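Q: the following comprises the amino acid sequence and a computationally predicted model.
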Protein chains: 2
Amino acid sequence: MLNPLQEAYVSAARVARLATVDKEARPHAVPVCYVYDEERFYTAIDRKPKVARSSDLTRIKNLVANPAVTLLIDHYSDDWTQLSYVQVRGIAVLVTSSSERSQAVSALRAKYSQYDTLLEDEATVVRIEPRRVVSWSSTGDL
Amino acid sequence: MLNPLQEAYVSAARVARLATVDKEARPHAVPVCYVYDEERFYTAIDRKPKVARSSDLTRIKNLVANPAVTLLIDHYSDDWTQLSYVQVRGIAVLVTSSSERSQAVSALRAKYSQYDTLLEDEATVVRIEPRRVVSWSSTGDL
């Protein structure tokens, strides 16, 4: 689904923005940490201090009711010759298999050492399956 | 609508992510440059080289059919004590008044010198009126 350049791009990035849609067809967007396993993306609900719990719940409630999501990974620079993004439109699913959750949690901890203490083994994990990928860069090489 | 801390935050930031919803209730998200005039946000369709025109059109088509949008302004750092975001849920309207467009284009050029050559006087300008604002920071001061 993603080409090798897009794969390298999303693997290197540290943050994405996840957009979901509520029942009234209004969008919701939050920054998320994620991993990409060369096929699917995983993101989790962690225990960041003082996190806006209601916003976490909105994200989960939205994607359970409407699994269509967009994950945007981009790079902004005031040097506009260096702008780029990869937009992944996909389907989000709450992970229910414990082995899949385990693998995702391990991968998230491997990418973000901050998760050693902030991500529980039993965290809520979301799998995002890409359906359509659009990318763009000022230099035209993405 | 925004409190003084949120106003300072969105005024200082250089990039936002704009989420819209298409007719099939699927979200779309792109990075955008914007200005905030202490009441409303403005963003424009510019002439960045090799821009993904179809993605620009999607954004506009979506918000004309469904004006509910979310503008997310956030700061990511690998130091997770420094994370923060302001999420603005609002209503987007295509600007039709030439004086309002003029003001918005001037404000965008004042904030982004890159727009001197990339933003036309007759650019398509979108006004976003905040309806609900959610903010969060690790330090709890936003």
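A: Ah, there it is. Since this is a predicted model, take the numbers as computed values, not measurements. Numbers count the residues shown, from 1 in each chain, chains lettered A, B, ... in the order given.

Q: please enumerate the helices of chain A.
A: For chain A, the helices defined by DSSP state H occupy A:4-12, A:53-65, A:98-111, A:115-118.

Q: nearest to chain B, out of those helices?
A: Across the helices of chain A, the minimum distance to chain B, taken as CB to the nearest CB, is reached by helix A:53-65, at 6.0 Å. (Each C-beta comes from the backbone N, C-alpha and C, glycine too.)

Q: tell me the mean pLDDT for that closest one?
A: On average, the pLDDT along helix A:53-65 is 82.

Q: again, but for stretch A:117-136
A: Average pLDDT, stretch A:117-136: 94.

Q: so is it next to chain B?
A: Yes. Stretch A:117-136 lies within reach of chain B by CB under 8 Å from any CB of the partner chain, at A:118, A:134, A:136.

Q: and that stretch, end to end?
A: 36 Å (CA to CA, to the nearest Å).

Q: same check on stretch A:115-129?
A: Start-to-end, stretch A:115-129 (CA to CA) is 23 Å.

Q: still on that earlier bit, with distance to residue A:81 and neighbour count added, can I get the residues of stretch A:117-136 next to chain B in CSV?
A: CSV is the format used below for the residues of stretch A:117-136 next to chain B (distance: CB to CB, whole Å; neighbours: other CB atoms under 10 Å in any protein chain shown):
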residue, distance to residue A:81, neighbour count
A:118, 36, 18
A:134, 20, 18
A:136, 13, 21
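
Q: looking at those, spot the one nearest residue B:23.
A: Using CB to CB, residue A:134 comes nearest to residue B:23 of the residues of stretch A:117-136 next to chain B, at 17.7 Å.

Q: which residue packs closest to the closest one, ignoring adjacent ones?
A: residue A:87 (4.6 Å; CB to CB, 6 or more residues apart in numbering or on different chains).

Q: again, but for residue A:76
A: residue B:15 (4.0 Å).

Q: distance check, the one you found against residue B:110.
A: Residue B:15 sits 16 Å away from residue B:110, going by CB to CB, to the nearest Å.

Q: and the two? which has more neighbours close in?
A: residue B:15 (16 against 11; other CB atoms under 10 Å in any protein chain shown).

Q: got the contact list for residue A:45?
A: A:56, A:60, A:123, A:124, A:125 (CB atoms under 8 Å, 6 or more residues apart in numbering or on different chains).

Q: per-residue pLDDT, the nearest residue to residue A:110 once chain neighbours are set aside?
A: Sequence neighbours aside, residue A:35 is the residue nearest to residue A:110 in space, at 7.9 Å (criterion: CB to CB, 6+ apart). pLDDT for residue A:35: 98.

Q: residue A:35 reaches residue A:14, doesn't it?
A: No. Assessed by CB atoms under 8 Å, residue A:35 is found out of contact with residue A:14, at 10.7 Å.

Q: now for the residue nearest to residue A:134, how many residues are close by?
A: Residues near residue A:87, counting by other CB under 10 Å: 23.

Q: and the residue positioned nearest the centre of chain A, backbone torsions?
A: In chain A, the residue lying closest to the centroid (CA atoms, centre = their mean) is residue A:34, at 4.7 Å. Dihedral pair for residue A:34: phi -160, psi 160, per degrees, to the nearest 10.

Q: burial count for the nearest residue to it once chain neighbours are set aside?
A: Leaving aside its sequence neighbours, residue A:34 sits nearest to residue A:43 (CB to CB, 6+ apart; 4.4 Å). Using other CB under 10 Å, residue A:43 has 23 neighbouring residues.
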